[in-house]
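Student: Provided below are the primary sequence and the corresponding predicted coordinates.
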Amino acid sequence: MRYKTLILFTTLLIGCSREGILNPKAYMAFLNNSDNGLIKEKTVAGVKFKIKYLPSEFISYNLLKNQAADTEIKDSVIKSYQNSLTFLLNIGPADNEKFDITRVDIADYSAFADRIEEMAFQTQNYISLACGDSIYKPAITRMENINSPEKSRNFIVVFNSEKGGNRDLRKHDMSFIYRDEMFNTGVNKFVFHASDINALPEFKF
């Protein structure tokens, strides 16, 4: 087991260089390392909120990894996401809880349908991004895994260039704010430091 761990660690190191990270697994490991400041978590009244910053380069990679895209197409896709800020919001039960976030405190199917509709179409109304003296609203908030058997749910949240997603924002610390009206946990703030975002190595693929 120690030998396998050493091989994996060595592979990740090979994927990194001063110019950037060439290995997708190494880049994912960097993003998922909480010490790098790109993941924030908070648990309130049994509900766990987890926010991850998603770099535009990695979003582009996920879109193109199964396609035989040439350099021109790849550059075009990367450019289209460069002026956006994207986050992954996960809402679920605390680590010591087992309830399904879509069904907790739900009495019947009608209430369940209302919960799903609110999560799918109203969540963006509870989200904002504070940067400097400005407050921005998301351009897109998309609920994923709607029919998933998992007990948590993911939301892709995008702030675009017209609503707070330009490069200038990356020069400042940002507060991702979720004003929870579904589970009554209050206003939850998650601070992302510009130094952590700007410390991201370049992802080449």
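Tutor: Cool, the structure landed. Since we're looking at a predicted model, the values are computed, not measured. Residues are numbered from 1 along each chain as shown.
Student: quick one: buried residues of stretch 101-119?
Tutor: Neighbour-count burial for stretch 101-119 flags 101-102, 106, 115-116, 119 (criterion: 16 or more other CB atoms under 10 Å). Heads up, the C-betas are built off the backbone N, CA and C, glycines and all.
Student: of those, which belong to helices?
Tutor: Among those, the ones falling in helices (DSSP state H) are 115-116, 119.
Student: pLDDT added to those residues, as a markdown table?
Tutor: Converted to a markdown table, those look like this (pLDDT from 0 to 100):
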| residue | pLDDT |
| --- | --- |
| 115 | 92 |
| 116 | 91 |
| 119 | 93 |
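Student: biggest separation within the buried residues of stretch 101-119, which pair?
Tutor: Farthest apart among the buried residues of stretch 101-119 by CB to CB are 106 and 119. That separation is 11.8 Å.
Student: can you show me the helices along the protein?
Tutor: 2-14, 24-32, 56-64, 71-82, 109-121, 194-198.
Student: weakest of the ones you listed by average pLDDT?
Tutor: Among those, helix 2-14 carries the lowest mean pLDDT, at a mean of 36.
Student: if I look at the residue positioned nearest the centre of the chain, how far off is residue 98?
Tutor: Central residue of the chain (CA atoms, centre = their mean): residue 88, 2.1 Å from the mean position. Noted for residue 88: a distance of 23 Å to residue 98, by CB to CB, to the nearest Å.
Student: please apply the same query to residue 31.
Tutor: Taken as CB to CB, the span from residue 31 to residue 98 is 27 Å.
Student: what ranges does the chain have for its strands?
Tutor: 16-17, 20-21, 39-44, 47-54, 85-93, 127-131, 134-136, 140-143, 153-159, 174-180, 186-192 (DSSP state E).
Student: quick one, the last one and strand 127-131 angle?
Tutor: Angle, strand 186-192 to strand 127-131, by axes from the mean of the first three to the mean of the last three CA atoms, to 10 degrees: 50 degrees.
Student: got a list of contacts for strand 186-192?
Tutor: Defining contact as CB atoms under 8 Å, 6 or more residues apart in numbering, one finds that strand 186-192 is touched by 37-38, 40, 42, 44, 49, 51, 53, 130, 173-180.
Student: low pLDDT regions in the chain?
Tutor: 1-22, 68-70, 161-170 (pLDDT under 70).
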